[in-house]
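J.: I would like the atomic coordinates for the input below:
(5 chains)
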Amino acid sequence: MLLKKNVPISYVFGKIKLEMALLALYSTAVYIAHTNFNFPGVSIPIAIPSILGTIISLLLAFRSNQAYDRWWEARTLWGGIVNDSRTFARQVLTFIDNSYGDEDKRAMKERMIKRQIAWCYSLSQHLRGQEGSKGLSKLISPEEKQSVCEVSHVPLSLMEYHGRDLRLLLRMNWINEYQQVAMDETLTRFSNSMGGCERIKNTVFPVTYSFYIHILVLLFVLILPFGLIEFFGVFQIPLVVAISSSFFLIEKMAIHLQDPFENKPTDTPTTTISRNIETNLRQMLKDESPVEAEKQVIVTNSTAVYYVL
Amino acid sequence: MLLKKNVPISYVFGKIKLEMALLALYSTAVYIAHTNFNFPGVSIPIAIPSILGTIISLLLAFRSNQAYDRWWEARTLWGGIVNDSRTFARQVLTFIDNSYGDEDKRAMKERMIKRQIAWCYSLSQHLRGQEGSKGLSKLISPEEKQSVCEVSHVPLSLMEYHGRDLRLLLRMNWINEYQQVAMDETLTRFSNSMGGCERIKNTVFPVTYSFYIHILVLLFVLILPFGLIEFFGVFQIPLVVAISSSFFLIEKMAIHLQDPFENKPTDTPTTTISRNIETNLRQMLKDESPVEAEKQVIVTNSTAVYYVL
Amino acid sequence: MLLKKNVPISYVFGKIKLEMALLALYSTAVYIAHTNFNFPGVSIPIAIPSILGTIISLLLAFRSNQAYDRWWEARTLWGGIVNDSRTFARQVLTFIDNSYGDEDKRAMKERMIKRQIAWCYSLSQHLRGQEGSKGLSKLISPEEKQSVCEVSHVPLSLMEYHGRDLRLLLRMNWINEYQQVAMDETLTRFSNSMGGCERIKNTVFPVTYSFYIHILVLLFVLILPFGLIEFFGVFQIPLVVAISSSFFLIEKMAIHLQDPFENKPTDTPTTTISRNIETNLRQMLKDESPVEAEKQVIVTNSTAVYYVL
Amino acid sequence: MLLKKNVPISYVFGKIKLEMALLALYSTAVYIAHTNFNFPGVSIPIAIPSILGTIISLLLAFRSNQAYDRWWEARTLWGGIVNDSRTFARQVLTFIDNSYGDEDKRAMKERMIKRQIAWCYSLSQHLRGQEGSKGLSKLISPEEKQSVCEVSHVPLSLMEYHGRDLRLLLRMNWINEYQQVAMDETLTRFSNSMGGCERIKNTVFPVTYSFYIHILVLLFVLILPFGLIEFFGVFQIPLVVAISSSFFLIEKMAIHLQDPFENKPTDTPTTTISRNIETNLRQMLKDESPVEAEKQVIVTNSTAVYYVL
Amino acid sequence: MLLKKNVPISYVFGKIKLEMALLALYSTAVYIAHTNFNFPGVSIPIAIPSILGTIISLLLAFRSNQAYDRWWEARTLWGGIVNDSRTFARQVLTFIDNSYGDEDKRAMKERMIKRQIAWCYSLSQHLRGQEGSKGLSKLISPEEKQSVCEVSHVPLSLMEYHGRDLRLLLRMNWINEYQQVAMDETLTRFSNSMGGCERIKNTVFPVTYSFYIHILVLLFVLILPFGLIEFFGVFQIPLVVAISSSFFLIEKMAIHLQDPFENKPTDTPTTTISRNIETNLRQMLKDESPVEAEKQVIVTNSTAVYYVL
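T.: Alright, predicted model coming up:
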């Protein structure tokens, strides 16, 4: 989804292979029945399927719209997480004044920024229904790791640790009370982004709607060959396959877009985004870590995987 | 609504059983009249019902849009309540500095966080027109319980108690003035979410619109068999039932979505959300309460109940 | 608009009685002309009115959308006024610390909260073009009443008094400077809501659009009987009345929704909302006033009046 | 645009006089050609122009939507300027404490509020491409006038003076540092509104779209008479004029709405709004100036001018 | 895109020259085949292409909408960068109090404002995939230039320098802690705008959708001549070219609008906007630089380049 490569046509059609085969069979059968046995009344006026088509287009447009909005909102929420992570890191780095070259302060800054990176990975895994504490060992202290492993909502627990560190910073007078509140507002925005993602994850798109549109599409497909056979003869077969495939494709797209955190290859690329956040935050920490090289590999892998259908 | 199970088809059609039976009867009657008595002019051009269908689709799309927006706004408001409850708990836990292991401070924190849980349940019940103070005994002190029982708007009263506790915290110097204002902003957001829910609850969707669409759908259903009978004969009956049911289903869905706080099984699941908030906040309090087990039971019950129609 | 009663059908049709009568007459005349005199060419293809109908539906859907948005924005602005009034009252009650049981402070709080109630009524009247200072005697002091009667924009003047009281509170050290700024932000939100309402009130919906749609609807109505007479004969008359009424109804609804502060029975119920604010704020003041009883009467009256067309 | 008078029909049609005359000529010519010379094939099926009409409606609805959104955003931005100007005046009046009856403080307040009025007029003129410093002599000091005349962006320069006065107020301890930042936030909102207006002013609506729709409308108009002549004969002429005029009107409206700061009579009435701001702010200053009388005259003039097409 | 010149028709059509030539050839071939060889069944009912046209219009309207929203969001984000740059400069100029005519303070102010200008250019280049540190030598110190050249994300690094300077200002007591937080909020807004642009840049519009619409348009174009040839004969050729070109044009427009940072002549004009920001900020610095003259030249050049297709 973050990658601009051309999607191979085979991938696009791979999603509806079965439907296309059945359609070809069905319309061929209609053609043969019409030509050989000459059923009376096998042809119906074109007006019926075409009006059905207009109605379905209207409803698919509405539905694609809602699905697209959910997907774009999910993307925007993660965009907000990128922004706020950078803001948080900047606040950590510049609000705490380490002009005395204090090593303790440097360690504290690193702890908080690494925990922020951990939070992003953890949220990404939590949203996809995976273990939220996986792979955090390099980013947080063993005690914290131990503690967050015991709770069910890992990112929420990490946010608490952020809050406690803010209190600690204030008590040690490393930040003043205004700065504490300003940083707390950044935590609030993290909380809002997390809650927004969970809302999208946990709220099913109204199923009747999908169900109803699916029935209409099937009806349309069944009727279409009878409407076209009079004028197109054998050319009716590719026409039916082409038009029907379009409707199936667009329906599939809406289904994919409406649930952007389902651990499918077409999801919001939360892992890639988390990795970018890590790169940015480590750049800000001036910490030349091997993440760059590592990232290269993973991006290469993912090019084969992340399409948007 | 929060549950991803497949909705059984029987449930979907259960909502329009009566309409479907009447439709089947009606279209059969038209078929018999047409075949046996051969009424002249019983067939009308297909253009008339099909154009009616396009117009209705257009209006239903507009209406579903508005209904969906109301429902999504209600969902977003409750999503905001989740976020702000977590934020409020984090602020309570980290702004109040209990480094001295002060038992009083711990009790105060617990009181405020439990009252926040009470507020969520109370708002949920208030919106559904139930007694707002039901089941709050375990969460707030008997004096508060006594006091809120006397007023008509329980959640508003609980918010006041939050405000008074903030004043108390400031007077005892447990928080500074800057932190008081930051927490007061969180209360303001609660106030806004509550007001938003009441706005949706109390504002009727313009009735003329519903009324007008309903009349058009009826008109369409009455005319449809006459338009199809020429070409489809007896197959007209299932076709009429299928197409008309779709319109009825989509109309029903809009009616359900547009009033998301009516204590119907398809509502915004405010009780489930409140329960999640309770779990999150108790996790933050590190308070191993029996709510987990209790929740399990209730979720199991609700799986049988919460569909989105 | 705040009331959920079923709107009697007679009320809905009362709005378009005249149009329906004229339509019935007109289509009857067309029927008689067609049957008795057998004009050649009196019948036109159904395609023409039906396409006109599709175009009109499209434009009416767009227009209803804009009108609905204006109405919903007006409703949201008043919802915001409810929220902010409660927030303001909470801030007044909890920021001013009257732990010493100071009578002066209590009086000050009551003065500010009552002035807030007065502001709501005054804004409601100002938006409807009525005298803004009517009925404020019980809520503000005679001196203020005297003063606001002299200016043209009463709510703006009341906001100023709020601002001056904030300054007074700061000078007497009853609130700190930080709290003053936080309360000033609440005043800013009142100012924004007031300005938003005035914007909607003072900005005419583009008239060409309404004009154009109205002409198209008329054209459609004039042509419709000629398109239907061939197939429906005398049944054409109720069909014409039914379809045309729908268009007229939906047009009327858009006209009503687009100007939500015009002192019509279908307006945004600003008086009822103000009254609710009064109830909430007096509950917060723990002031058992006779407003409850009084409200009962007025709501009963208004049930007969507030429909949403 | 701020005035609710009925727009005379002549004004509406004045905009498309030429188009209507040409249309009448053209359709008459088609009629004559058809009746007298009896061209073969001069009549085409009604389906062709009617489908074109549907497509155009769809695209016009989309385009009107975007144009309406631009116009409404411009209106909302100026509504925000009204709100923020009142807020700024309230902050100036109540944050600066002149309990000692200090004349200097009164002069400072007047200077800042009058400069705010000047900023509104100046922004209005700047957006319309006029000299931004025109008519500011009565509102700002000669030195400021001199200074702002030298720069190209007058409103930006006035904002700077506001900022400097805030610094001055803080240095003299007439406001505290919290209040400075709160007022600076109001200046930030002015800056955002100004930038938003410039964005709308400077960003052209995608021209291909307009161009494409215009070509389709012309095509439709050229084909329409041929489609109607069969069924309507001479009545085709008014029908063609009526339907085509509607499309032209709606296209014109979109063109007018999409550029709301072009110094046309149908613009966002920035001058009138600035005048209202002046009235409100002077009321707040309790400054009985002759602006009321003056305004009367100008409003009377403008009634003849401000329509919304 | 910022320029209001009329786009020459040749430019508009230049984009689809090839498509138009092929269309003309194809429809001529169909005409010849129909006239000379008199293929049976070469003519199909007009209903089929016209319904296809309606469906495509619907989907193109939806897609144009989404593409337009992306483009407008990109434009709004850069509008926000303009606003915030001005706000930041105002805060730098007025929060730092240089009443003592301190040369150090003046130098500091200039450094921060020039770095802000550098940030805009750098972000513009970063978004277009160019070297982010190009041409910054005149705006930032050699040490900073050296440092930012080493990192991959230049604008992010410049933001850090802003943050460090804020810390420095606070440490030297040139601003108070409250002002630091207010200015940090402005930096947060810059961070959000930057992140928003990157989100649009990096998120591909769902490709299936584009693909599906493209196939439908091709299908439509192939079928159209057969639908029109019966009624229009040779006039079918220009009609096919005109209608099909419209669809191609509108599809092209959507493709251009949906990716607004691709270094194409039709992009969001980030360089021009950056230049305007430079002019505004230098005006605020009262720094008569040669940028005015220089800008003149570049604008003249760009008039030939920036169209909106």
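J.: low-confidence ranges in chain A?
T.: A:1-12, A:38-43, A:98-101, A:263-266, A:287-309 (pLDDT under 70).
J.: so where do the helices sit in it?
T.: A:9-14, A:17-32, A:47-95, A:103-127, A:142-149, A:154-171, A:177-202, A:207-232, A:236-258, A:270-284, A:291-303 (DSSP state H).
J.: is chain B within reach of the fourth one?
T.: No: where contact is defined by Cβ under 8 Å from any Cβ of the partner chain, no part of helix A:103-127 touches chain B; the two come within 12.6 Å at best. No exception for glycine: its C-beta is placed from N, CA and C like everyone else's.
J.: gap between the nearest residue to residue A:19 once chain neighbours are set aside and chain D?
T.: Closest residue in space to residue A:19, ignoring its immediate chain neighbours: residue A:248 at 5.0 Å, by Cβ to Cβ, 6 or more residues apart in numbering or on different chains. Per Cβ to the nearest Cβ, to the nearest Å, residue A:248 is found 24 Å from chain D.
J.: and the gap between residue A:248 and residue A:199?
T.: 29 Å (Cβ to Cβ, to the nearest Å).
J.: more neighbours, those two?
T.: In terms of neighbours (other Cβ atoms under 10 Å in any protein chain shown), residue A:199 is the more surrounded of residue A:248 and residue A:199; the figures are 23 against 19.
J.: touching, the more buried one and residue B:75? I think so.
T.: Yes: counting by Cβ atoms under 8 Å, residue B:75 is a contact partner of residue A:199 at 6.5 Å.
J.: now do the contacts for the residue lying closest to residue A:62 once chain neighbours are set aside.
T.: Distance criterion Cβ to Cβ, 6+ apart; nearest residue to residue A:62, sequence neighbours excluded, is residue B:61 at 4.6 Å. Residue B:61 makes contacts with A:58, A:59, A:61, A:62, C:61, as judged by Cβ atoms under 8 Å, 6 or more residues apart in numbering or on different chains.
J.: is stretch A:138-149 anywhere near chain B?
T.: No: under the criterion of Cβ under 8 Å from any Cβ, stretch A:138-149 makes no contact with chain B; the nearest approach is 9.9 Å.
J.: got the buried residues for that stretch?
T.: Within stretch A:138-149, the residues scored as buried using 16 or more other Cβ atoms under 10 Å in any protein chain shown are A:139, A:140, A:144, A:147, A:148.
J.: and the residue of the stretch 101-250 of chain A that's closest to chain D?
T.: Nearest to chain D, among the residues of the stretch 101-250 of chain A, is residue A:178, at 9.9 Å (Cβ to the nearest Cβ).
J.: tell me how far that residue lies from residue A:164.
T.: Residue A:178 is 19 Å from residue A:164, by Cβ to Cβ.
J.: between those two, which is the more surrounded one?
T.: residue A:178 (22 against 13).
J.: would you list the buried residues of stretch A:138-149 in TSV and tack on distance to chain C?
T.: Listed next are the buried residues of stretch A:138-149 as TSV, based on distance: Cβ to the nearest Cβ, whole Å:
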residue	distance to chain C
A:139	37
A:140	35
A:144	34
A:147	35
A:148	35
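J.: the residues you listed: which ones sit near chain E?
T.: Of these, not one also sits near chain E (Cβ under 8 Å from any Cβ).
J.: in the residues you listed, find the pair that's most separated.
T.: A:139 and A:147 (14.1 Å; Cβ to Cβ).
J.: contact residues of the stretch 101-250 of chain A facing chain B?
T.: A:151-153, A:156-157, A:159-160, A:163-164, A:166-167, A:170-171, A:177-178, A:180-181, A:184-185, A:187-188, A:191-192, A:194-196, A:198-199, A:202-204, A:206-209, A:211-212, A:215-216, A:219.
J.: same thing but 6 Å
T.: With Cβ under 6 Å from any Cβ of the partner chain as the criterion, the stretch 101-250 of chain A comes near chain B at residues A:151, A:163-164, A:167, A:177, A:181, A:188, A:191-192, A:195, A:199, A:202-204, A:206-208, A:212, A:216.
J.: from those, list the buried ones, please.
T.: Buried among these by 16+ other Cβ under 10 Å: A:151, A:163, A:167, A:177, A:181, A:188, A:191-192, A:195, A:199, A:202-204, A:206-208, A:212, A:216.
J.: roughly how far does the nearest residue to residue A:246 once chain neighbours are set aside sit from residue A:215?
T.: Residue nearest to residue A:246 in three dimensions, not counting chain neighbours: residue E:212, with 5.1 Å by Cβ to Cβ, 6+ apart. Using Cβ to Cβ, we find residue E:212 at a distance of 21 Å from residue A:215.
J.: near whichever residue of chain A sits closest to chain C, how many other residues are there?
T.: Closest residue of chain A to chain C, Cβ to the nearest Cβ: residue A:54 (9.2 Å). The local packing of residue A:54 (other Cβ under 10 Å) involves 22 other residues.
J.: any idea how far residue B:152 is from the residue in the stretch 1-150 of chain A positioned nearest to chain B?
T.: Ranked by Cβ to the nearest Cβ, the top residue of the stretch 1-150 of chain A for proximity to chain B is residue A:51, at 3.8 Å. Distance, residue A:51 to residue B:152, using Cβ to Cβ: 53 Å.
J.: that older thread, my guess is the residue of the stretch 1-150 of chain A closest to chain B contacts residue B:50. True?
T.: Yes: Residue A:51 is in contact with residue B:50 according to Cβ atoms under 6 Å; the separation is 3.8 Å.
J.: ok and the residue in chain A nearest chain D?
T.: residue A:54 (9.3 Å).
J.: contacting residues around that residue?
T.: B:54, E:54 (Cβ atoms under 6 Å, 6 or more residues apart in numbering or on different chains).
J.: repeat for residue A:228
T.: By Cβ under 6 Å, 6+ apart, the neighbours of residue A:228 are A:236, A:239.
J.: at 8 Å what do you get?
T.: Contacts of residue A:228 by Cβ under 8 Å, 6+ apart are A:46, A:49, A:236, A:239, A:240, E:48.
J.: go on, residue A:190?
T.: A:81, A:84, A:88, A:119, A:159.
J.: grab the nearest non-local neighbour of the third one.
T.: Going back to what we said before, that points to residue A:88. Nearest one to residue A:88, counting by Cβ to Cβ, 6+ apart, is residue A:186 at 4.9 Å.
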